[in-house]
Structures are given as structure tokens and as C-alpha cells.
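mind folding the following:
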Amino acid sequence: MSCVHYKFFSKLNYDTVTFNGLHISLGDLKRQIMAHEKLNTANCDLQITNAQTKEEYTDYNTLIPKNTSVVVRRIPPRAVKATSKTDVISQTEPGSRTSKAVCKNTISHFFLLRKGQ
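Numbers count the residues shown, from 1 in each chain. Next up is the predicted model:
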């Protein structure tokens, strides 16, 4: 039996995942860690990093050799990098003949205020 040693970033001690063969795929390793730790795939994903080389494994088909030590971090499922892009459109105010740039997110707020008058 072969094994990979893993530990969560916040823990001190390593646990072990056992498998047959010389390598385990990243996808299989994640599934086994999730099952061993009783984690739900809907609530989180795992970021796996080699403990010695600090290489982050990202491809589910990557083969991780036996006796490797990895560090595991829980991350949000399907982590997407947020962008701070704001849509700006031209808005003409009632009673005025000039238009101004308005953030798209504030338009509904603007109309709610106008209805209340």
C-alpha cells in the first residue's frame, strides 16, 4: 500500500491517505481527503500544495507520487476571482436636460427615491 501524507494548514499533525500504485491523481486525493474529513463538496473545495516544493496542484489529472507530503486548505467551491468592474451608463434626470454618468447599481435606488416624492 502506498500513501500520501496530508495536513490542513491550520493543524500541526499529518494524516494519511492510502492507495494502490505508485501515484494518485489530484482528483482521487481530494475525494479521499473529503471523505476522511467528512467534508461536503457543496460547501468547500480543497487547495492542495506540495509541502516541500510549495507547488500548488491545480489539474485534477496531475499524478502525485507516493510518500508525498501535502498541505491542504479549504476554499470556497469553484473559487472565482472577484472583479471590481462597475457598469456606468448615461442617465437623464427628470426636470433636467443634462445627462450624467450613474452607477448601474444605484439606478434602482434612484428610482425608488423618486417614487417616494
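
any chance you could map the strands in this structure?
2-8, 15-19, 23-25, 45-50, 56-57, 63-65, 69-75, 88-92, 99-103 (DSSP state E).

reformat those strands as JSON lines; add mean neighbour count.
Heads up, the C-betas are built off the backbone N, CA and C, glycines and all. Shown next, in JSON lines, are the strands of the chain (neighbours: other CB atoms under 10 Å):
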{"stretch": "strand 2-8", "mean neighbour count": "17"}
{"stretch": "strand 15-19", "mean neighbour count": "15"}
{"stretch": "strand 23-25", "mean neighbour count": "18"}
{"stretch": "strand 45-50", "mean neighbour count": "18"}
{"stretch": "strand 56-57", "mean neighbour count": "16"}
{"stretch": "strand 63-65", "mean neighbour count": "15"}
{"stretch": "strand 69-75", "mean neighbour count": "17"}
{"stretch": "strand 88-92", "mean neighbour count": "11"}
{"stretch": "strand 99-103", "mean neighbour count": "11"}
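
any chance of a markdown table for these, columns mean pLDDT and distance to residue 39?
Converted to a markdown table, those look like this (pLDDT from 0 to 100; distance: least, CB to CB, whole Å):
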| stretch | mean pLDDT | distance to residue 39 |
| --- | --- | --- |
| strand 2-8 | 96 | 10 |
| strand 15-19 | 96 | 13 |
| strand 23-25 | 96 | 18 |
| strand 45-50 | 95 | 8 |
| strand 56-57 | 96 | 17 |
| strand 63-65 | 96 | 19 |
| strand 69-75 | 95 | 7 |
| strand 88-92 | 51 | 41 |
| strand 99-103 | 50 | 39 |
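
tell me which of those lies nearest to residue 32.
Nearest to residue 32 among the strands of the chain is strand 15-19; the distance by CB to CB comes to 4.6 Å.

tilt between the closest one and strand 2-8?
On the basis of axes from the mean of the first three to the mean of the last three CA atoms, to 10 degrees, strand 15-19 is oriented at 150 degrees to strand 2-8.

and the strands of the chain as CSV, adding distance to residue 38?
Output for those, formatted as CSV (distance: least, CB to CB, whole Å):
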stretch, distance to residue 38
strand 2-8, 13
strand 15-19, 13
strand 23-25, 20
strand 45-50, 13
strand 56-57, 22
strand 63-65, 22
strand 69-75, 13
strand 88-92, 47
strand 99-103, 44
